[in-house]
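J.: how does the following fold in three dimensions:
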Amino acid sequence: MKGNQKLEVRGTLTASDYRRHSNYNRKKMKNIYFIASLLMFFFVIFQSLEGPLLFVMGLTMIIALLLAIAMSFFLSGMISIRATRDYKNDPVSQHEIQYTFRAGNIKQKLKNSTNDYQWTDIIAAFEQEELFQLYVARNHAMILPKRFFKSEEEVEQLRELIEKNAKSAKVDLLKS
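T.: Residues are numbered from 1 along each chain as shown. Alright, predicted model coming up:
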C-alpha cells in the first residue's frame with residue numbers, strides 16, 4: 001500500500017458481531033473461570049468422597065470436569081446475553097459505520113458524528129477469524145467484521161496498515 005492511499009470500509013454491526021467481540025474479549029476470563037471452578041469442584045468433591053485413593057481421584061476429576069464445563073457454558077451464555085442487551089441499548093451502534101484508514105490516522109463516521117484517531121491511540125489490535133478489534137481504551141474497541149471489506153486484498157491492506165502504524169499497540173494478527 002502506498003503512503004497516500006486510503007482504505008474505506010463500511011457496514012452495520014449486528015448483535016452477533018457484538019457477541020463474537022465479547023466472547024473474544026472475555027476469553028482470558030473464561031479460561032481462568034474454568035480452571036478455578038475445576039479446582040474448587042475437585043477440592044470440595046474429593047473431601048466428601050471415601051474409598052480407594054485412585055478411584056476417588058478419578059471419579060472426582062470426572063465430576064469436577066463436567067461441573068466446570070457446565071459452569072463455563074453458563075458463563076458464555078451470560079456473556080452472550082449481556083452483549084445482546086448492550087447492543088440493543090446502544091441504538092447509535094446499530095447505524096452504518098464508515099472507517100477510513102490512512103497511514104496517518106483513522107476516521108470513524110457514525111450517524112452524525114466523526115471521530116479521528118491517531119494510530120498511537122490504538123492500545124491493542126487483534127484479528128480474529130471473523131473480525132478485527134482495534135482498542136482505543138481498555139473496554140472500548142472499534143469492531144470491524146470482515147464482511148465490511150469488499151475483498152481479501154482490503155483485509156490484507158488493513159493488516160499492513162496495523163503492522164506499520166500501530167507501534168504502541170499490542171498487535172496480534174492472523175497470518176494471511
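
J.: was I right about Arg147 contacting Val9?
T.: No: using CB atoms under 8 Å as the test, Arg147 is too far from Val9 to be in contact (9.7 Å). In this view, the C-beta of every residue, glycine as well, is placed from N, C-alpha and C.

J.: can you give me the helices for the protein?
T.: With helices called from DSSP state H, the chain shows them at 15-25, 27-48, 53-88, 152-165.

J.: thinking again about what came up before, neighbour-wise, which of Arg147 and Val9 wins?
T.: Val9 (21 against 12; other CB atoms under 10 Å).

J.: for the spatially most central residue of the chain, report the pLDDT, please.
T.: In the chain, the centroid-proximal residue (CA atoms, centre = their mean) is Tyr24; its distance is 3.0 Å. If you check Tyr24, the pLDDT there is 90.

J.: so it touches Glu130, yeah?
T.: No: between Tyr24 and Glu130 there is no contact under CB under 8 Å: 9.2 Å.

J.: for the helix-or-strand element of the chain with minimal mean pLDDT, name the packing helices and strands.
T.: Least confident helix or strand of the chain, by mean pLDDT, DSSP states H and E, is strand 170-172 with a mean of 86. Packed against strand 170-172 by the contact rule (3 or more CB pairs under 8 Å, 6 or more residues apart in numbering; DSSP states H and E) you find strand 124-127.

J.: by contact count, what packs against the strand it packs on?
T.: strand 131-137, strand 170-172.

J.: so what are the sheet partners of the shortest one and their directions?
T.: Using DSSP bridges, strand 170-172 pairs in its sheet with strand 124-127 (parallel).
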